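>>> sharing a sequence plus its predicted fold:
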Amino acid sequence: MAATDRLIATEYDHLFDKIRELVLYHSPSGVETEVDRALLKQLTSLKVENWQDRAGNVIAKIPGQDSTRAIAITAHKDEIGMVVKSIDTGGCLQVRRLGGSFPWVYGEGVVDIIGDREVIHGILSFGSRHVSHESPQKAQQLDAPLNWEDAWVETKCSLEELDAFGVRPGTKVVIGKHRKQPFRIKDYIASYTLDNKASVAILLSLASRIVNPPVDIYLVASAKEEVGAIGALYFTQNQTLDALIALEICPLADEYPIESSVAPVLLSQDNYGVYDELLNAEIRDSAHKAGVPLQLAVLDGFGSDASIAMKFGHVSRAACLSFPTQNTHGYEIAHLGAIANCIEVLASYCMMIDN
């Protein structure tokens, strides 16, 4: 193996390990304490100024040469999952989607129920298969999609036990940690919640690399993105920015001219509007100088911290840099090289602003 290949392999190994660590911190929208503690600790160990704001965003600030100007890079730290709607007398949880989740993507299996006082396990269930047309489950076998109304979580707990654990309507439920373990396929990582824990790994890498940039850089692990970009909207309402760049996944689908490769994807437009052309040009220039190829895309059924903040007038310029991902909002697969190249592009951009 050549020296360059060994360097790349080592970089991929480190990136995989960091993403795996982050994936295993539960962070359903609004209950993100587990990942918050880890991020604040890691940013402090990097000796980077950091804090958590009232909206739950974890923020690192890298001072620039010109402190009158600032840009922000966001990566949301929350994940999709389920929320308890009601609890049956037998201890079964009726659940509904939290963010863009679908029961058929998760399949039957262990879930973690994040009670106020304790995390307990349950089984996401769809009912038996050995049934006749008299059973509602028969429709899912033949001609009807599986909806959250057709699924439930078995706990085998009494109502008194669930109350003691702090399980109630509004409690968040996510895939069990043992099911979340990322898997390595050659230079690819496969895992639940690459959206957006892989992007949070990029933020941490940038926090360790960027020193004395031309302007102030805010690295924001944003809260509650999956339920309306709430954290990013709060941050951008309270912090004046020259530009906002969101880190995201990019869905791989036949309708988009995107390949699964080491090349990140720069978005031109999504459901919330058109990204800033001049900012995109600057990012393309930074990628060229870093020797990183880029792919370009216009997406449907998609939004980011950046496009939502720009739509509401919180920022004047916004962009979204992403990495191609299969099975988005499911068991996602992405090339580690594309994730690594997002780091290179943004590290280059942050050091050449207005240069």
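It's in.

>>> skipping adjacent residues, who's closest to Ala232 in space?
Asp305 (3.6 Å; Cβ to Cβ, 6 or more residues apart in numbering). Bear in mind the C-beta positions are built from the backbone N, C-alpha and C, glycine included.

>>> now stretch 342-355: buried residues?
Within stretch 342-355, the residues that qualify as buried by neighbour count (16 or more other Cβ atoms under 10 Å) are Cys342, Ile343, Glu344, Val345, Leu346, Ala347, Ser348, Tyr349, Cys350, Met351, Ile353.

>>> the fourth one: what's it in contact with?
Put plainly, it is Val345. Pro264, Ile283, Ser286, Ala287, Ala290, Val292, Leu294, Leu321 (Cβ atoms under 8 Å, 6 or more residues apart in numbering).

>>> give me the element it is part of.
helix 336-351 (DSSP states H and E).

>>> just the mean pLDDT for that helix, thanks.
For helix 336-351, mean pLDDT is 97.

>>> same check on stretch 174-190?
Stretch 174-190 carries an average pLDDT of 96.

>>> distance between the ends of that stretch?
End-to-end span of stretch 174-190 (Cα to Cα, to the nearest Å): 17 Å.

>>> residues in contact with it?
For stretch 174-190, the surrounding residues in contact (Cβ under 8 Å, 6+ apart) are 12, 16, 19-20, 23-24, 26, 28, 79, 81-82, 106, 109-112, 114, 121, 191-193, 198, 331-337, 339.

>>> burial measure for Val215, as a count.
Using other Cβ atoms under 10 Å, Val215 has 20 other residues around it.

>>> dig out what it forms beta bridges with.
Beta-bridge pairing of Val215 under DSSP bridges involves Asp66.

>>> name all residues that make contact with Leu266.
By Cβ under 8 Å, 6+ apart, the neighbours of Leu266 are Asn280, Ile283, Arg284, Ala287, Leu294, Gln295, Leu296, Ala297, Ala319, Cys320, Leu321, Ser322.

>>> quickly run through the sheet partners of the helix or strand the last one falls within, with directions.
What it means is Ser322. Using DSSP H and E, Ser322 sits in strand 318-326. Sheet partners assigned to strand 318-326 using DSSP bridges are listed as strand 243-251 (parallel), strand 265-270 (antiparallel), strand 332-335 (antiparallel).
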